[in-house]
Structures are given as C-alpha cells and as structure tokens.
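1. Give the three-dimensional model of this entry:
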Amino acid sequence: MKILDFLREIPKLFDWYFKLPQLKRISLNYIVLIALLITLSYYNDKQHRDNYAVLSSRIDSVNDSRAKEQEKYTAKLEYYTDKFNHLLEMLLQKKEQDKINQKL
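-> Purely as a prediction, here's the structure:
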C-alpha cells in the first residue's frame with residue numbers, strides 16, 4: 001500500500017514544482033543535479049573499491065599459487081642438483097680409480 005500512496009503523491013509533486021517561479025525551479029534543478037552527481041560518484045567509488053578488493057584478492061591467490069609452485073620447483077631443483085653432484089663425484093672417483101689401475 002505504501003507504494004501506491006507514494007505513486008499517488010507524484011502528480012502533486014509535479015504540480016508543486018511547476019507552480020514555483022522559474023528562478024526557484026532552476027535553482028532546484030541545480031540542487032538535484034548536484035545531489036545526483038554526488039550520489040552517483042559515491043556509488044561509483046564504492047563499486048571501484050569493491051572491484052579493487054576482488055581484484056587484489058585474485059592477485060593474492062595467484063601470488064600464493066606461484067609461491068607454492070616456486071617452492072615445489074626449488075625442491076625438485078635441489079633434489080636433481082644433489083643427484084647430479086653425487087653422480088659427478090662417482091664419475092670423478094671412477095676416473096681416479098681408472099688412473100690408479102692404469103699405473104699398476
């Protein structure tokens with residue numbers, strides 16, 4: 001019912017508006033435009049803040065996943081580096097043993 005009551009008051013509002021002198025109507029138009037601009041800029045700013053929050057959370061999740069992947073990569077790199085170094089040590093030892101065997 002409140003909506004219907006509000007809709008019934010709209011023609012009265014227009015009647016009041018058009019009964020105003022032209023200078024007051026122009027002033028009222030400017031006031032309404034300024035209020036509208038302020039309201040829209042507030043909602044636009046709020047939407048930008050919400051979008052920024054969503055975007056920054058996405059970026060943080062991507063950075064977290066990259067950090068996890070980097071940790072896995074580093075662990076694998078260390079593992080294979082240790083294997084390579086161990087293999088290299090074994091080859092050097094075998095080469096030295098071959099030199100010793102050749103001298104005998």
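
2. and stretch 58-76, how far from the chain's centre?
-> Stretch 58-76 sits 17 Å away from the centroid of its parent chain (Cα atoms, centre = their mean, to the nearest Å).

3. what does the average pLDDT come to for that stretch?
-> What stretch 58-76 shows for mean pLDDT is 91.

4. contact partners of that stretch?
-> Residues outside stretch 58-76 that contact it (Cβ atoms under 8 Å, 6 or more residues apart in numbering): none. Placement of C-beta: from N, CA and C, glycine included.

5. Could you pick out the longest helix of this protein?
-> Across the chain, the longest stretch assigned as helix under DSSP state H is helix 22-103.

6. chain center to it: distance?
-> 11 Å.

7. ok, now stretch 14-29?
-> So, by Cα atoms, centre = their mean, the centroid of stretch 14-29 is 46 Å from its chain's centroid.

8. buried ones in that stretch?
-> Buried positions in stretch 14-29, judged by neighbour count with 16 or more other Cβ atoms under 10 Å: none.

9. So which elements touch the helix or strand of the chain with the lowest mean pLDDT?
-> Each helix and strand of the chain was given a mean pLDDT (mean pLDDT, DSSP states H and E); the minimum falls on helix 2-19 at a mean of 88. With contacts defined as 3 or more Cβ pairs under 8 Å, 6 or more residues apart in numbering; DSSP states H and E, the packing partners of helix 2-19 are helix 22-103.

10. got the angle for the helix it packs on vs helix 2-19?
-> 120 degrees (axes from the mean of the first three to the mean of the last three Cα atoms, to 10 degrees).

11. How confident was the prediction at the residue nearest the centre of the chain?
-> For the chain, the residue sitting closest to the mean C-alpha position, by Cα atoms, centre = their mean, is L55 at 1.2 Å. L55 carries a pLDDT score of 87 in this model.

12. M1 too?
-> According to the prediction, M1 has pLDDT 66.

13. ok, back up a step: for the least confident helix or strand of the chain, give me every contacting residue.
-> Contacts to helix 2-19, defined as Cβ under 8 Å, 6+ apart, come from residues R25, L28.

14. if you set the cut-off to 10 Å instead, what comes out?
-> K24, R25, L28, N29 (Cβ atoms under 10 Å, 6 or more residues apart in numbering).
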